[in-house]
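J.: make a model of this:
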Amino acid sequence: MTQIISKSFKDIFSGTVLFFVLKVTLISLAITVALLWGVKDNLNAFIVSYLSWIPWEWLQTTGASVASIALNYMIFIVIISIVTSFMVEPLLIKLTKKHYPDAEVTGTPNIATSLLLSLKSAMLFFLIFMFTFPIMFIPLVGAVYMLWLWSILLKAPTLYDVSSLFVKEKKVLHLKKKKATILAMIAAGFNYIPLLNTFAAVFAQILFLHYIVGEKKI
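T.: Reported below is the predicted structural model:
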């Protein structure tokens, strides 16, 4: 695990990956702004309505403001994850040739399946967030909760993207799922750092690459 993380950190700050992250960030930012511009009022109304069960008006107002900011941020993170999933294949192949020149690319992710997994993960993420977000305010517990929640966005799509390139056997893929949540939570840690949050999705892809291909070569 230490070797996987070490290799991934070396890759994440390479020129190739930095340029990739810049492209993904600009595209994701444009999509997020366009999306929020169209649904902002409805989104705020939904949040206020959802928090109407709270008996104290001041807490409703404060909670709505915090939830609105958090939800906008989450939408941006979700879109980055989806855009990364769509664009990452050439980067993964390039990194594989660099670290594991003998590794064989055995397939390619299906765009429809990748999108479906990303959307399902996003829907699950938002559903859990909307019904459990007060947990995020509990010291320490809230921090772990957010890492786990963010990992939902990354785990299934990333595991599919990487395994589709390098894994044929379902048995091998089943074994790789065991550490997938931990790796996704490690990558999600970037979301706590302004600006570096744009690296979370691609870092997850690189972590899974070294986890799947690297351990396969050992």
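J.: now do the strands in the protein.
T.: Counting by DSSP state E, one finds no strands in the chain.
J.: any low-confidence regions in it?
T.: Within the chain, the segments meeting pLDDT under 70 span 38-68, 170-176, 215-218.
J.: tell me, what residue is most central in it?
T.: residue 154 (3.6 Å; Cα atoms, centre = their mean).
J.: now do the contacts for it.
T.: If you count contacts by Cβ atoms under 8 Å, 6 or more residues apart in numbering, residue 154 has them with 81, 121, 184, 187-188, 200-201, 204. Quick note: C-beta positions are derived from backbone N, CA and C, even for glycine.
J.: just give me the closest of these to residue 145.
T.: Comparing the contacts of residue 154 against residue 145 with Cβ to Cβ picks out residue 188 as the nearest, at 11.2 Å.
J.: count of residues packed around the closest one?
T.: Neighbourhood size, residue 188 [other Cβ atoms under 10 Å]: 25.
J.: try residue 206
T.: Around residue 206 there are 26 residues (other Cβ under 10 Å).
J.: give the contact list for it.
T.: Here residue 206 is in contact with 8, 11-12, 17, 92, 95 (criterion: Cβ under 8 Å, 6+ apart).
J.: now, those that are in helices?
T.: 8, 11-12, 17, 92, 95 (DSSP state H).
J.: distance to residue 214 and neighbour count added to the residues you listed, as JSON lines?
T.: Listed next are the ones in helices among the contacts of residue 206 as JSON lines, based on distance: Cβ to Cβ, whole Å; neighbours: other Cβ atoms under 10 Å:
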{"residue": "8", "distance to residue 214": "10", "neighbour count": "25"}
{"residue": "11", "distance to residue 214": "11", "neighbour count": "21"}
{"residue": "12", "distance to residue 214": "15", "neighbour count": "18"}
{"residue": "17", "distance to residue 214": "17", "neighbour count": "21"}
{"residue": "92", "distance to residue 214": "13", "neighbour count": "21"}
{"residue": "95", "distance to residue 214": "11", "neighbour count": "22"}
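J.: check the residues you listed and tell me the two furthest apart.
T.: 12 and 92 (13.1 Å).
J.: quick revisit: of the contacts of residue 154, which is the nearest to residue 101?
T.: For the contacts of residue 154, the nearest to residue 101 is residue 204 (23.4 Å; Cβ to Cβ).
J.: let me know how buried the closest one is, in neighbour terms.
T.: By other Cβ under 10 Å, neighbour count at residue 204 equals 33.
J.: can I get the contacts of residue 206 in a markdown table with distance to residue 76?
T.: Formatted as a markdown table, these follow (distance: Cβ to Cβ, whole Å):
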| residue | distance to residue 76 |
| --- | --- |
| 8 | 23 |
| 11 | 23 |
| 12 | 19 |
| 17 | 20 |
| 92 | 23 |
| 95 | 25 |
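J.: which of those sits closest to residue 85?
T.: Using Cβ to Cβ, residue 92 comes nearest to residue 85 of these, at 10.9 Å.
J.: brilliant, that's me finished.
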